[in-house]
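J.: okay, sequence plus prediction incoming.
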Amino acid sequence: MTDKRLLDYDPETGIKEWFIDTPDGFQIAYEQDCEAILESNKEKQSYGAEYFKSKGAEGEYWKVASIPIVIQYKWMIEDGIDIMNRDHMPKVIQKLNDPDWRYLKTAEVII
């Protein structure tokens, strides 16, 4: 029998932290409703890359992705990728250019 208890809920991010007691021990799991983030990404993809380039800071920087926190956790736990670590950027870029993670992008570009 598995016992699942809510440990924490952050209304700002929508992240729930769960304690799961299993016959083999316990787990800490995270859950987030990512629908709004992914819908926003999808909408922004429809604008086209030129729109984002025109909105960039001094034409040099523009947002290419919005990655939900639970996906950031997943990448860190499963792949050791920390999106806040500059040394990990090649792996982050590789993930974002992978068709499986396409929905995280805010523009249809190869980075």
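T.: On my side now, so go ahead.
J.: residues contacting K74?
T.: Contact analysis of K74 by CB atoms under 8 Å, 6 or more residues apart in numbering lists nothing. For every residue, glycine as well, the C-beta is placed using N, CA and C.
J.: per-residue pLDDT, it?
T.: Predicted confidence (pLDDT) at K74: the value is 94.
J.: buried residues in the helix or strand containing it?
T.: In the assignment (DSSP states H and E), K74 maps to helix 69-79. Neighbour-count burial for helix 69-79 flags 70-72, 75 (criterion: 16 or more other CB atoms under 10 Å).
J.: now the element after it, going C-ward?
T.: helix 89-97.
J.: output that next one as PDB, nothing but the C-alphas.
T.: Once non-C-alpha atoms are left out, helix 89-97 reads as follows in PDB (Å, rounded to 0.1, in the frame of the first residue of the first chain):
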ATOM      1  CA  MET A  89      24.200  25.500 -21.400                       C
ATOM      2  CA  PRO A  90      25.300  23.100 -24.200                       C
ATOM      3  CA  LYS A  91      23.200  20.300 -22.700                       C
ATOM      4  CA  VAL A  92      20.200  22.700 -22.200                       C
ATOM      5  CA  ILE A  93      20.400  23.800 -25.800                       C
ATOM      6  CA  GLN A  94      20.700  20.200 -26.900                       C
ATOM      7  CA  LYS A  95      17.500  19.400 -24.900                       C
ATOM      8  CA  LEU A  96      15.600  22.400 -26.400                       C
ATOM      9  CA  ASN A  97      16.600  21.500 -29.900                       C
END
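J.: and it, what does it pack onto?
T.: helix 69-79 (3 or more CB pairs under 8 Å, 6 or more residues apart in numbering; DSSP states H and E).
J.: can I get the CA coordinates of the helix it packs on in CSV?
T.: Extracted in CSV, the C-alpha atoms of helix 69-79 (Å, rounded to 0.1, in the frame of the first residue of the first chain):
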residue,chain,number,x,y,z
ILE,A,69,10.2,24.2,-12.7
VAL,A,70,9.2,20.5,-12.6
ILE,A,71,10.9,20.0,-16.0
GLN,A,72,14.0,21.7,-14.5
TYR,A,73,13.9,19.3,-11.6
LYS,A,74,13.5,16.4,-13.9
TRP,A,75,16.5,17.4,-16.0
MET,A,76,18.6,17.9,-12.8
ILE,A,77,17.6,14.6,-11.2
GLU,A,78,17.7,12.4,-14.3
ASP,A,79,20.4,14.1,-16.4
